[in-house]
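# the sequence isn't on hand, but the structure is:
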Ligand SMILES: Nc1ncnc2c1ncn2[C@@H]1O[C@H](COP(=O)(O)OP(=O)(O)OP(=O)(O)O)[C@@H](O)[C@H]1O
Ligand SMILES: [Mg+2]
C-alpha cells in the first residue's frame, strides 16, 4: 500500500495535560475511503486525539500526516480539507439553520454558496424550517445540522466525535446509511462511538483506554486477537450463580443479559475448570462467540490493572 | 494559504451582525447607557485644581509687575510656563491647550498703579472646563486686595483703596458662562464609548469559548486577524449610533454650542472607537470566562473616567495620575471632542492628540492578535 492511500498516518502521537499523559504514543493509519471506528471508555483520550488530528491541539510528541499534510507544520491546509464534528454541538444557537450553513460556507469560500446551502438544506430535509434558530432544534436535528455543516465544503476526511450520542435508533440508522454512502464516494471517516452496533458497522476499529491503543483491526481481527472464551447460561437461580462465579479462578466477567448470564475469561482451560464446579442439571450452558462488548470490557479491565 | 482573505472576514462580520440583531437586550443597553449617563452626569463634579499652566504677556517689566507675577505664582494656582510676546501667540497657546490662562500686564501698569488709577490686568482663561478655572479665578480676586501691601508702604498706602490697587479683568474664552454641561456633555462621549465598546467586545471571544463555538471556529481555516477585525467592524456602527445620540442630546437637551466641524469629529471618533474595541478584544483573549472579561473591562473603565480629565480637571491631578491618564485613549479623545465642539479646533490643532490614539490602537491590536490562540492548548 502506498503512502498516498492513507488519509491518516501518524506515529507516536502523545499529549500531556499538566503532566498527565492523556494520549500516549498512539500509532494509527486509516486508508482513504475507510470508515474507521475509534472506541474507548470515557476520558480515554478519543476527543484529544481527534483534536490533534485536525490541528486544534499541538501534540507533545509524534509525527505523521493527515491527508498527506504534515501534522505539525501544515495545520492550515489540514483544516481546509477536514470536516470536524465536535462532541458538543458547537454551531451558533442564536443563528438560524440557514445562517449557520451560510456562515460556514463563507468561511470556506465554497463556490456557488447559495446553491451549496440550499442543497445541504434539502438533504437535511430542513428547507421548510431553515429560518428556525439552531438552539431550538432537538438533539437529533442538531446532529444532522452539524453533519451537514461539516460536509458543506466537501472535505476529504470527516472526523466525527460521538455523532450519534443521544440520537434515536431510526435516526442513527439513517445517519449510518449516509456515512456509508459518503465513504462509498471516497470520503474517509474517523468516528468515535460508545455503541457496539455502530462499531460493528465500521470497516476497521481501534480501541483506546487511558491513552493507550489496546487493539485494532477489522471486527474479526479484534475478536480473534482477544482470545476470549464466553459461555452463556440460562435456568433458575442465576443471581446466586453469578455470585458464586465472581472472582473465581479464570472468570473475568459475569454479566447479566435479561434471563441469561455471560461468563467469560481468556484462559479457556481455567474457565472451563471453574465452570465444571458449579454446573447443575437445571442450567443450560452454551459456548458462544465473544461479542465486541465482552472483548472491550475485558481489555479495559486489563488496562486498569496496568495503568491506573 | 496563511494569508488574510476578505471572504472569511466578511463571514465573521455578517455573523456578528446577526447575533447582535438577535440579542435585543444588549443592543438596547448600548443605546440606553449613553442616555442614562447623559442624564446622570448632567451635574458637575467640582474640585479645586491648582498648578495650572499660565502664560504671561508682560508689556511692563517693572518691579510692580514682577511682584504681581510673583504673587500669582505663590498663590499655588498658577505655574507660569510661558512668556507670550504677542496677543496672537497668547491666543494660540490657549487654543492648543498649552496653557489654561494668559495674564496680560499692560504697558502703563506701574505708572497707573502709582497714580492710583487702578490699572487693569486682563486674565484670559480657557474656560471649557469651568471646574478647572473657577477656583483659580476666585483666588485671583482674593489676591487683589493684599498683593502690594509691602510694596506700597507709608504715603503710598492710600493706593490700597477699598477695591484694591489693581483691577483684574477676567475674560473667559470658549465657555464664558461657565456652564459645566458644556464641558461634561462632550466629555461623556468618550466615557460612554469606552464603557460600552470595551465591555461588548471583551465578551466577544470568551463568549465563543464558553459556548463551545470556539472549537468549531478554530477547526476552520479562519485567521486571528480576520476574527478580530470581523468582530470589531459591526460595533463601529454601534459606536457611531452612540456618538450621534450624544451629539443630539448635547444639542437639543443641553444646548451645547458646536463651533467646530462635525465631519472631523466623526472621522476622529473612528480611531477612538476602534481603539476601544481592540482593547476589548484583547481582554477577551486574556480572560478565561465572561465574568473575568467584564471585570477587566471595568478595570480599564475606571481610570478612563477618573484620570482622563472627565471627572477631575486633568491639570489638577498629581503627576503620576497625569502620566497614567496620558496613556489612556479617552484622555486624548476628550481633548479632541472639547477642542472641536467648544473651541472650533481643526485638524492641525488636534493632531497632537490623534497620534497617541493611533499608537494605542496599534498596540492593542497587536497584543490581541498575538494573544489569540489558534489551538485549544
Ligand atoms: N484541555 C484539557 N486540559 C486538561 N485536561 C484535559 C483537557 N482536555 C481533556 N483533558 C483530560 O484528558 C482526558 C481525556 O479526555 P478526552 O476528552 O480526550 O476523553 P474522551 O475519550 O473523548 O472521553 P469521552 O468518551 O467522555 O468523550 C480526560 O481525563 C480529560 O479530563
Ligand atoms: Mg470525547
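Cool, got the structure. From a predicted model like this one, the values you see are computed outputs, not experimental measurements. Numbers count the residues shown, from 1 in each chain, chains lettered A, B, ... in the order given. Ligands and ions are numbered 1, 2, ... in the order given.
# mind telling me which residue of chain B is nearest ligand 1?
residue B:376 (6.3 Å; Cβ to the nearest ligand atom). Placement of C-beta: from N, CA and C, glycine included.
# so who does the closest residue to residue B:197 other than its chain neighbours touch?
Nearest residue to residue B:197 in three dimensions, chain neighbours excluded: residue B:276, at 3.9 Å (Cβ to Cβ, 6 or more residues apart in numbering or on different chains). Taking Cβ atoms under 8 Å, 6 or more residues apart in numbering or on different chains, we find residue B:276 in contact with B:193-194, B:197-198, B:201, B:239, B:329.
# so which of these are in helices?
B:193-194, B:197-198, B:201, B:239, B:329 (DSSP state H).
# in TSV, list these along with pLDDT, neighbour count and distance to residue A:27.
Below are those laid out as TSV (pLDDT from 0 to 100; neighbours: other Cβ atoms under 10 Å in any protein chain shown; distance: Cβ to Cβ, whole Å):
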residue	pLDDT	neighbour count	distance to residue A:27
B:193	91	27	55
B:194	92	28	54
B:197	90	27	50
B:198	91	28	48
B:201	88	27	44
B:239	92	23	53
B:329	95	29	53
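# out of these, which are close to ligand 2?
Among the ones in helices among the contacts of residue B:276, proximity to ligand 2 is found for none (Cβ under 5 Å from the ion).
# report the two of these separated the most.
B:201 and B:329 (14.1 Å; Cβ to Cβ).
# what residue ranges in the chain score low on pLDDT?
This is for chain A. Residues of chain A meeting the criterion pLDDT under 70: A:1-4, A:303-308.
# correction: the question concerned chain B.
B:1-2, B:39-48, B:144-164, B:175-181.
# pretty sure residue A:182 contacts residue A:189?
Yes: applying Cβ atoms under 8 Å, one finds residue A:182 in contact with residue A:189, separated by 6.8 Å.
# let me know the secondary structure of the closest residue to chain B within the stretch 51-200 of chain A.
Closest to chain B within the stretch 51-200 of chain A is residue A:106: 3.4 Å, counting by Cβ to the nearest Cβ. Under the three-state scheme (DSSP: H, G, I helix; E, B strand; the rest coil), residue A:106 adopts helix.
# what number of residues lie near the closest residue to it other than its chain neighbours?
Leaving aside its chain neighbours, residue A:106 sits nearest to residue B:11 (3.4 Å; criterion: Cβ to Cβ, 6+ apart). Residue B:11 is flanked by 23 other residues according to other Cβ atoms under 10 Å in any protein chain shown.
# residue contacts, residue B:11?
By Cβ under 8 Å, 6+ apart, the contact list for residue B:11 reads A:103, A:106-107, B:222, B:230.
# list phi and psi for residue B:203.
Residue B:203 adopts backbone torsions of phi -80, psi -10, taken as degrees, to the nearest 10.
# state the distance from it to residue B:279.
According to Cβ to Cβ, to the nearest Å, residue B:203 and residue B:279 sit 13 Å apart.
# how close does residue B:83 sit to residue B:278?
42 Å.
# brain fart, residue A:45
From residue A:45 to residue B:278 the distance is 38 Å (Cβ to Cβ).
# now do the domain split for the chain, please.
Assuming you mean chain A. Chain A breaks down by automatic domain parsing into domains covering A:3-222, A:229-289.
# if you could check chain B rather than the one you did, that'd help
B:52-173, B:180-374.
# now render the ones you listed as JSON lines, adding distance to ligand 1.
Shown next, in JSON lines, are those (distance: least, Cβ to the nearest ligand atom, whole Å):
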{"stretch": "domain B:52-173", "distance to ligand 1": "52"}
{"stretch": "domain B:180-374", "distance to ligand 1": "11"}
